[in-house]
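> the following comprises the amino acid sequence and a computationally predicted model.
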Amino acid sequence: MSGNNSPGPFSPPFHFKGVKFFPAADLRAVEQVESFQVRDDDVFVSAYVKSGTTWVQQIVSLLSTEGDLSEVNKIPIVVRVPWLETMDMSGSGKPYPKLLEEAPSPRLMKTHLPYHMLPQQAREGKGKIIYCARNVKDVVVSWHKMREGFAHIPSGTFDENFQEFINPEQAVFGLWWDVVQEYWRHKDDGNMLFVKFEDLKRDLRGNVVKIANFLSKTLSDQRIDEVTANCTFSAMKNNEATNLTRAEAFKGLATKEFEFIRKGKVGDWMNSLSPEQSKILDDIHREKMAGVDLTFEFE
């Protein structure tokens with residue numbers, strides 16, 4: 001493939017139990033997830049890549065402090081809500097499943113893992129899982145833009161990345177349709193909340209309240225308003241703690257033009273997908289989602 005092929009500080013791509021992983025996921029961390037000891041107040045923020053993970057991380061993080069924003073926005077999101085299947089690059093050199101063993105409660109974590117690869121205890125009902133799904137057309141475009149922008153993530157042309165995305169054996173973190181459906185099948189589990197990126201765009205405050213209720217957080221209307229204001233796309237884009245490519249610690253990991261929090265629009269795929277590519281996704285979507293009562297807004 002052409003493009004940015006240097007793995008930089010991260011491990012090269014690898015496969016684990018039939019799923020392909022890309023930087024910055026690390027095999028040493030992924031191997032420890034299954035047996036990770038889950039606490040009752042653990043919160044897992046899960047999503048397919050470029051589907052609203054950072055957005056939900058920010059909401060959950062602010063809600064966990066009862067809406068107290070004075071300190072939390074000074075701490076990078078990757079520290080507040082670490083990525084479970086990665087290595088700590090701040091000095092310990094430990095896989096996060098190991099490092100989190102000694103972390104104080106409540107522990108907030110993000111993951112891009114398929115449902116069946118989550119910690120066994122989480123799948124058995126311990127802790128809480130919030131899954132955020134986004135329409136597949138915007139996902140494939142946003143994923144390409146990120147691969148193009150980050151200097152250490154292997155990338156090809158848009159067409160190469162598109163073909164990889166729809167290939168069950170090459171799709172990173174699993175095939176989108178399989179992953180989303182598996183989480184959807186567990187939407188009624190007592191420890192699962194399933195939200196959609198497009199719903200966050202349409203009614204952010206309503207979904208902040210929904211997430212707060214799921215986490216048993218009781219905040220005043222004023223606090224909910226403050227959390228919502230700090231979780232708008234423009235607020236997160238201008239916040240170095242969430243828009244990582246603006247943070248000093250992440251300088252050099254991305255091209256100057258790229259921003260980790262980019263557009264956040266519904267329907268931006270229309271500026272990138274060809275009519276042929278759009279039809280390919282439509283055909284796969286129709287086949288894969290037949291009989292599944294999960295719908296998405298594409299514009």
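Arrived safely, thanks for sending.

> mind listing the residues bridging to the closest residue to Phe214 other than its chain neighbours?
Nearest residue to Phe214 in three dimensions, chain neighbours excluded: Leu193, at 4.4 Å (CB to CB, 6 or more residues apart in numbering). C-beta coordinates here come from the backbone N, C-alpha and C atoms, glycine included. Leu193 has these beta-bridge partners by DSSP bridges: Ile130.

> you'd agree Glu34 is up against Met117?
Yes - with contact defined as CB atoms under 8 Å, Glu34 and Met117 form a contacting pair (7.3 Å).

> the two: who's more crowded?
Remark: of Glu34 and Met117, Met117 carries more neighbours, 21 against 16, as counted by other CB atoms under 10 Å.

> surely the more buried one and Phe21 touch.
No - using CB under 8 Å, Met117 is not in contact with Phe21; the gap is 10.2 Å.

> give me the common contacts of these two.
Val30 (CB atoms under 8 Å, 6 or more residues apart in numbering).

> hmm, Leu84 is touching Gln32, no?
No - with contact defined as CB under 8 Å, Leu84 and Gln32 do not form a contacting pair (9.2 Å).

> mutual contacts of these two, please.
Pro97.

> more neighbours, those two?
Leu84 (26 against 20).

> could you measure the more buried one against Arg223, distance?
From Leu84 over to Arg223 the distance is 28 Å, taken as CB to CB, to the nearest Å.

> hang on, Val195 in a strand?
Yes - under DSSP: H, G, I helix; E, B strand; the rest coil, Val195 sits within a strand.

> now do the strands in the chain.
Listed in chain order, the strands of the chain (DSSP state E) span 14-16, 19-21, 43-47, 108-111, 128-133, 192-196.

> now the lowest-mean-pLDDT helix or strand in the chain: buried residues?
Least confident element among the helices and strands of the chain, by mean pLDDT, DSSP states H and E: helix 69-72 (a mean of 72). Residues of helix 69-72 classed as buried by neighbour count (16 or more other CB atoms under 10 Å): Val72.

> show residues contacting it.
Contacts of helix 69-72 (CB under 8 Å, 6+ apart): Ser61, Leu62, Thr65, Arg80, Glu226, Val227, Asn230, Ala241.

> same deal with stretch 89-105?
Here stretch 89-105 has contacts from 9, 24, 26, 28-29, 32-33, 36-37, 39, 41-42, 79, 82-88, 107, 109, using CB under 8 Å, 6+ apart.
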